[in-house]
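J.: Quick one, fold the following:
(2 chains)
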Amino acid sequence: MDRNQSHRQVATMKQSLFDQGYLDHEQFNQLEELQDDANPNFVEEVVTLYYRDSARLVHSIEQALEKSPIDFNKLDSYMHQFRGSSSSIGAKKVKAECSLFREYCRAGNGEGCMRTFQQVKKEYTALRKKLETFFQLARQAGPVDRARRPK
Amino acid sequence: MAAAGTESLRWNLAEEVGVSGCNGSGSEEFHVLAVDDSIVDRKLIERLLKSSSFKVTAVDSGTRALQYLGLDGEKSTSAVGFNDLKVNLIMTDYSMPGMTGYELLKKIKESKAFKEIPVVIMSSENVLTRIHSCLEEGAEDFLMKPVKKSDVTKLKDFMVKGDQAEKGKRSSIKRKMDDDILKLTMPPTAIASSSSEVEDQSSSASHSPSSSSSSPCSSPCKRTRLQ
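T.: Just a heads-up that it's a prediction; the model follows:
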């Protein structure tokens, strides 16, 4: 009874992440489908890599924004990477903010870049918090019997 | 393309080249060299490929990919031209610092030893001119990121086709691409009926922009699957 409850909690949280637009359900489901007995923590592993990579990129972008004059090409390149990895894990809102940032970059609008970057960081932090809770719940619930994965 | 024809070609290649892991019963293990500067995407592509029973070597740059291929040196006397490492397919990201996927593609196609290896390009950006250049240069396919399981399972088709079959397919894809590019530059009324050589109606519809004459990059298509 408890176990089923925990699994339902996980499923509910996942659905709310989809509904609230934090995660792209198609891409996140793709990740989950790659998880199996031989790779039971694949999704969390990828997401952990994403955190590490994002930390590096956020730092690089911050440094680049402090320079004068701003090197927009460099900024765009960092943000392209950030957008790409966000897309790969289904981080929908973060990806959208990254795209917006790149538009300001291409317009050479430093103010716009800085403003949007605050948004990027905000969305990233919010997502990370949610995902950490999600994975904690998932770990507590234990492995799911994978007869048919509910969508 | 008849399945029987493909089967016999695969068997012939295995005989000539001695591809490891390839046996008559059909449980072959193809080796993919994946090139991507993103650590997240490398992890993802590696898992995707392994879950489809491919062997994977993942590297983080075009330079490393070339190093890997050159590791055992060129076999100048090899009749077939396959490398000792027996890479059956190269999947590379397009936008990478240093050497782009396009530049890597060119280097591979210029190489006597490795030009036969099919190359697939991946990109998060849907730029028709970019796709066209890559196909022109000899890429087998151009996949939109994030790459999906269904993209990967189709890769097996590219791995055993002979040179003639490849050339035939690429020229028909090229013809289709030329048509699509033409459609983009012409006003709707001037567009003649679509090419009679279109192989896959659904993908043709998915990657040419519908009615609007906006830039190619704003096309809503998620992926360009040209076969």
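J.: Verify the stated contact: residue A:58 with residue A:125.
T.: No. Between residue A:58 and residue A:125 there is no contact under Cβ atoms under 8 Å: 9.9 Å. Any C-beta I mention is one placed from the backbone N, CA and C, and that applies to glycine too.
J.: which residues does residue B:49 contact?
T.: Listed by Cβ atoms under 8 Å, 6 or more residues apart in numbering or on different chains, the contact set of residue B:49 reads B:32, B:34, B:56, B:91, B:152.
J.: now, which of these sits nearest residue B:140?
T.: residue B:91 (9.8 Å; Cβ to Cβ).
J.: how about the helix or strand hosting that closest one, does it reach chain A?
T.: Using DSSP states H and E, residue B:91 maps to strand B:89-93. No. Figure legend: strand B:89-93 not in contact with chain A (Cβ under 8 Å from any Cβ of the partner chain); closest approach 8.6 Å.
J.: send the alpha carbons of that strand over as CSV?
T.: Extracted in CSV, the C-alpha atoms of strand B:89-93 (Å, rounded to 0.1, in the frame of the first residue of the first chain):
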residue,chain,number,x,y,z
LEU,B,89,29.0,4.9,-38.7
ILE,B,90,30.0,8.3,-37.5
MET,B,91,27.4,10.5,-35.8
THR,B,92,28.6,14.0,-35.3
ASP,B,93,27.2,17.2,-33.9
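J.: hmm, who's touching the helix or strand following that strand?
T.: Once the chain leaves strand B:89-93, the next helix or strand it forms, by DSSP H and E, is helix B:101-110. The contact list for helix B:101-110 (Cβ under 8 Å, 6+ apart) reads B:35, B:62, B:65-66, B:69, B:90, B:92-95, B:99, B:114-115, B:117, B:119, B:121-123, B:130, B:133-134, B:137-139.
J.: what about residue A:58 and residue A:125, which has more around it?
T.: Taking neighbours as other Cβ atoms under 10 Å in any protein chain shown, residue A:58 and residue A:125 compare with residue A:58 leading, 17 against 12.
J.: And the more buried one, its phi and psi?
T.: phi -60, psi -40 (degrees, to the nearest 10).
J.: Contact partners for it?
T.: Taking Cβ under 8 Å, 6+ apart, we find residue A:58 in contact with A:82, A:121, A:124.
J.: any chance of those in a markdown table, with pLDDT too?
T.: Converted to a markdown table, the contacts of residue A:58 look like this (pLDDT from 0 to 100):
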| residue | pLDDT |
| --- | --- |
| A:82 | 97 |
| A:121 | 98 |
| A:124 | 98 |
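J.: for residue A:128, what are its contacts?
T.: Contacts for residue A:128 (Cβ under 8 Å, 6+ apart) come out as residue A:51.
J.: Any stretches of the chain with poor pLDDT?
T.: All of this refers to chain A. Across chain A, residues meeting the criterion (pLDDT under 70) sit at A:1, A:144-151.
J.: That was the other one, I meant chain B.
T.: Ranges of chain B meeting pLDDT under 70: B:1-28, B:71-85, B:160-227.
J.: Get me the contact residues on it for chain A.
T.: Checking chain B against chain A by Cβ under 8 Å from any Cβ, the hits are B:37-41, B:43-44, B:47-48, B:51, B:95, B:97, B:124, B:145-146, B:148-149.
J.: residue contacts, the most centrally placed residue in chain A?
T.: The structure's chain A has its C-alpha centroid closest to residue A:91; by Cα atoms, centre = their mean the separation is 3.6 Å. Neighbour list for residue A:91: A:22, A:23, A:24, A:50, A:124, A:127 [criterion: Cβ under 8 Å, 6+ apart].
J.: The same query, at a cut-off of 7 Å, please.
T.: Residue A:91 makes contacts with A:23, A:127, as judged by Cβ atoms under 7 Å, 6 or more residues apart in numbering or on different chains.
J.: That one bridge partners, please.
T.: Judged by DSSP bridges, the bridge partners of residue A:91 are residue A:23.
J.: before we move on, back to that, restricted to strands, list the contacts of residue A:58.
T.: Among the contacts of residue A:58, no residue falls in strands (DSSP state E).
J.: Mind putting these into CSV with distance to residue A:115 and neighbour count?
T.: Supplementary listing: those in CSV, determined by distance: Cβ to Cβ, whole Å; neighbours: other Cβ atoms under 10 Å in any protein chain shown:
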residue, distance to residue A:115, neighbour count
A:82, 16, 28
A:121, 11, 16
A:124, 15, 23
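J.: Next step: those residues restricted to helices.
T.: Counted as lying in helices by DSSP state H, out of the contacts of residue A:58, are A:82, A:121, A:124.
J.: Point me to the residue of chain B nearest chain A.
T.: residue B:40 (4.1 Å; Cβ to the nearest Cβ).
J.: Residue 89: neighbouring residues, count only.
T.: All of this refers to chain A. 28.
J.: Actually, chain B is the one I wanted.
T.: Residue B:89 has 21 nearby residues by other Cβ under 10 Å.
J.: what bridges to it?
T.: Beta-bridge partners for residue B:89, by DSSP bridges, are residue B:32.
J.: How about the contacts made by residue 142?
T.: Just so you know, I chose chain A. Contacts of residue A:142 (Cβ under 7 Å, 6+ apart): residue A:3.
J.: ah, I was thinking of chain B
T.: B:121, B:123, B:131, B:134, B:135, B:224.
J.: tell me which parts of chain A are close to chain B?
T.: Residues of chain A lying close to chain B by Cβ under 7 Å from any Cβ of the partner chain are A:27, A:30, A:33-34, A:39, A:42, A:46, A:49-50, A:53, A:80-81, A:84-85, A:87-89.
J.: For chain A, which segments count as helices?
T.: Under DSSP H, chain A gives helices at A:2-19, A:25-33, A:42-66, A:72-89, A:92-106, A:110-141.
J.: what are the C-alpha coordinates of the fifth one, in CSV please?
T.: If I follow you right, that is helix A:92-106. Only the C-alpha atoms of helix A:92-106 are listed here, as CSV (Å, rounded to 0.1, in the frame of the first residue of the first chain):
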residue,chain,number,x,y,z
LYS,A,92,11.4,23.6,-21.2
LYS,A,93,11.4,26.9,-19.5
VAL,A,94,15.1,27.1,-19.2
LYS,A,95,15.4,26.4,-22.9
ALA,A,96,12.9,29.1,-23.7
GLU,A,97,14.8,31.7,-21.7
CYS,A,98,18.0,30.7,-23.4
SER,A,99,16.4,31.3,-26.8
LEU,A,100,15.3,34.7,-25.7
PHE,A,101,18.8,35.5,-24.4
ARG,A,102,20.3,34.5,-27.8
GLU,A,103,18.0,37.0,-29.6
TYR,A,104,19.3,39.8,-27.4
CYS,A,105,22.8,38.6,-28.1
ARG,A,106,22.2,38.7,-31.8
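J.: Thank you kindly, that will do.
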